[in-house]
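[1] model this:
(chains A and B)
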There are 2 protein chains.
Amino acid sequence: MIEIQALVHDVFGTVVDWRSAVTADGESLAARRGITGVDWQQFADEWRGAYAPSMNRVRTGELPWTNLDVLHRMALDHLLEKFGIAALSEDDKIWFNLTWHRLKPWPDSVPGLTRIKKKYIIATLSNGTVRLLTDMAKYCGLPWDTVLGSDVVQHYKPDAEMYQSAIHFLGNDDPGSVMMVAAHNNDLVSAARHGMKTAFISRPYEHGAKQSRDVKAEHDFTYVAKDFEDLATQLGT
Amino acid sequence: MIEIQALVHDVFGTVVDWRSAVTADGESLAARRGITGVDWQQFADEWRGAYAPSMNRVRTGELPWTNLDVLHRMALDHLLEKFGIAALSEDDKIWFNLTWHRLKPWPDSVPGLTRIKKKYIIATLSNGTVRLLTDMAKYCGLPWDTVLGSDVVQHYKPDAEMYQSAIHFLGNDDPGSVMMVAAHNNDLVSAARHGMKTAFISRPYEHGAKQSRDVKAEHDFTYVAKDFEDLATQLGT
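    Okay, here's the model as predicted:
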């Protein structure tokens, strides 16, 4: 078996808990602007729900390359109208859209990644931009060696170009030396198709208590771990 | 004045002392293989001397895109022949070529960058590859938030694409929010041409005691600092 040299990570849901952070920012904004009667957890879920369909519009060529900040803003504007929220200024909207740059890690992410970093290169492989991922890492102390985002190749996962970029930049074009780490079965299946190793991290509450998909590993991945501390232990770090 | 958000750094010579590290690896290899009579400091200087001309062959289109590891190896093979060194195996040559991944920081680099990182995004903007820069950072503890290398855009500085990549990925396309940090006047003049802010770091011994160029700032840069600790102080970090 080829030696793993670099681990690249899905971020939203796998490393950070987007649901709690987006909900909290919505509630904080509502309190400041006197907005009542909005279920901000529902708002967060619908905002995240717009994610895959909006990227698919880019992936299929319906939209030209459009980065995730812009896609998030398009969805935000739509949801503010849908939820009947009219009290926000343009500065409020800019601030709220940047909630995706201020997400917070699951409790095991920073300690687990810090252990893994001692032996392996650790990087992102996320549909966020380089700037979003860098801002988030600084905001919450994620110890990435470097950041790979979708704007580097102007493609979104699961496009082949994304996985190939990690193999090229961090694996010297050797797919078996790079491992994709994610809480989402489909991301890992795509990575494996390009020859990468795979690690499943269990995040059964990413979508709340009623989560119905990705509650467990559904394929024969290289590693299956309950969290980053567990993965660090399995990797001997 | 637009607020600076990200600092991007030239690496070879500015952040790390390539001359001492390459010389030491040459001497260590010579001791292991019983090679005598080679001036390894001279060897290091000639290897580094091949850097700009070899990149220029790519920049002018004489060679297709060729990354720095491959250019370093072409120069190494030429110099081994020139210096009459025939005792190295292929594994030795691979190891020696990776000396550029194992360079060591000037004494002020890590403490100064660690202070600057508290307030600003810090990244590389180097002609090395992403992998070379990541390896080097892990090897010597450089605290980059992320790494931008020449293989991202397949261009070498001073090509415009390199400076534009930093402005795009880290400055949201606002050149005044990104500052180029280098010990080389020409790198900073190029960055300023693209609207970036500039910081000169003094490295009067990069090329040894007889250094004749870049001994001081020759233009009106945004900051002129004697080292990274001084720059950190000037930036209020």
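
[2] which parts of chain A sit against chain B?
    Chain A has residues A:121, A:123, A:129-131, A:133-135, A:137-138, A:144-147, A:149, A:151-152, A:168-170, A:172 near chain B, with proximity defined as Cβ under 8 Å from any Cβ of the partner chain. C-beta: built from backbone N, CA, C; applies to glycine.

[3] which ones among those map onto strands?
    The strands, defined by DSSP state E, take in A:121, A:123, A:146-147, A:149 from the residues of chain A next to chain B.

[4] circling back: give me the buried subset of the residues of chain A next to chain B.
    Buried members of these, counted by 16 or more other Cβ atoms under 10 Å in any protein chain shown: A:121, A:123, A:129-131, A:133-135, A:137-138, A:144-147, A:149, A:151-152, A:168-170.

[5] the residue of chain A positioned farthest from its centre and A:Leu80, how far apart?
    In chain A, the residue that sits farthest from the middle, by Cα atoms, centre = their mean, is A:Gly34; the gap is 30.9 Å. Distance of A:Gly34 to A:Leu80, given as Cβ to Cβ, to the nearest Å: 15 Å.

[6] same check, this time on A:Tyr223
    41 Å.

[7] ok, now A:Lys104?
    Counting by Cβ to Cβ - A:Lys104 and A:Leu80 are separated by 23 Å.

[8] got any ranges where chain A has weak pLDDT?
    A:1 (pLDDT under 70).

[9] domains for it, by residue range?
    A:6-17+A:104-234, A:18-101 (automatic domain parsing).

[10] before we move on, back to that, backbone torsions only: list them for the spatially closest residue to the residue farthest from the centre of chain A that is not a sequence neighbour.
    Of all residues not flanking A:Gly34 in the chain, A:Ala87 sits nearest, at 6.9 Å (Cβ to Cβ, 6 or more residues apart in numbering or on different chains). With angles defined as degrees, to the nearest 10, A:Ala87 sits at phi -90, psi 10.

[11] please name the residues that touch A:Ala87.
    For A:Ala87, the contacting residues are A:33-35, by Cβ atoms under 8 Å, 6 or more residues apart in numbering or on different chains.

[12] break down chain A into its helices, ranges please.
    Assignment of helices within chain A using DSSP state H yields the ranges A:18-33, A:40-49, A:51-59, A:68-82, A:90-97, A:109-117, A:130-140, A:150-153, A:160-171, A:185-193, A:228-234.

[13] other SSEs contacting the first one?
    Packed against helix A:18-33 by the contact rule (3 or more Cβ pairs under 8 Å, 6 or more residues apart in numbering or on different chains; DSSP states H and E) you find helix A:40-49, helix A:90-97.

[14] quick one: residues in contact with it.
    Outside helix A:18-33, the residues that reach it (Cβ under 8 Å, 6+ apart) are A:12, A:35-36, A:38, A:40-41, A:43-45, A:47-48, A:87-88, A:92, A:95-96, A:99-100, A:102-104, A:206-208.

[15] taking helix A:130-140 as reference, get the angle to it.
    80 degrees (axes from the mean of the first three to the mean of the last three Cα atoms, to 10 degrees).

[16] just the fifth one next, same as before
    Between the axis of helix A:90-97 and that of helix A:130-140 there is an angle of 80 degrees, by the same axes, to 10 degrees.

[17] just want the angle from helix A:90-97 to helix A:40-49.
    Using the same axes, to 10 degrees: helix A:90-97 against helix A:40-49 is 80 degrees.

[18] how about helix A:90-97: buried residues?
    Buried-residue list, helix A:90-97, by 16+ other Cβ under 10 Å: A:95-97.

[19] ok, and what's touching that helix?
    Against helix A:90-97 from outside (Cβ under 8 Å, 6+ apart): A:25-26, A:29, A:33, A:69, A:72-73, A:76-77, A:80, A:88.

[20] am I right that A:Ala123 is in contact with A:Ala6?
    Yes. With contacts counted by Cβ atoms under 8 Å, A:Ala123 reaches A:Ala6, the gap being 6.5 Å.

[21] give the contact list for A:Pro175.
    So A:Pro175 contacts A:167, A:194-196 (Cβ under 8 Å, 6+ apart).

[22] most neighbours among these, please name it.
    A:Met196 (25 neighbours; other Cβ atoms under 10 Å in any protein chain shown).

[23] was I right to think that one contacts A:His168?
    No. A:Met196 is not in contact with A:His168 according to Cβ under 8 Å; the separation is 11.9 Å.

[24] intersection of neighbour lists for these two?
    What both A:Met196 and A:His168 touch, as defined by Cβ under 8 Å, 6+ apart, is an empty set.

[25] tell me how many other residues crowd A:Thr36.
    7.

[26] cool, and A:Val38?
    A:Val38, neighbours per other Cβ under 10 Å, totals 16.

[27] then the one 3 residues further on?
    Residue neighbour count, defined by other Cβ under 10 Å, stands at 16 for A:Gln41.

[28] dump the residue contacts of it.
    A:19, A:23, A:208.

[29] any idea how far the first one lies from chain B?
    Counting by Cβ to the nearest Cβ, to the nearest Å, the separation of A:Arg19 from chain B is 25 Å.
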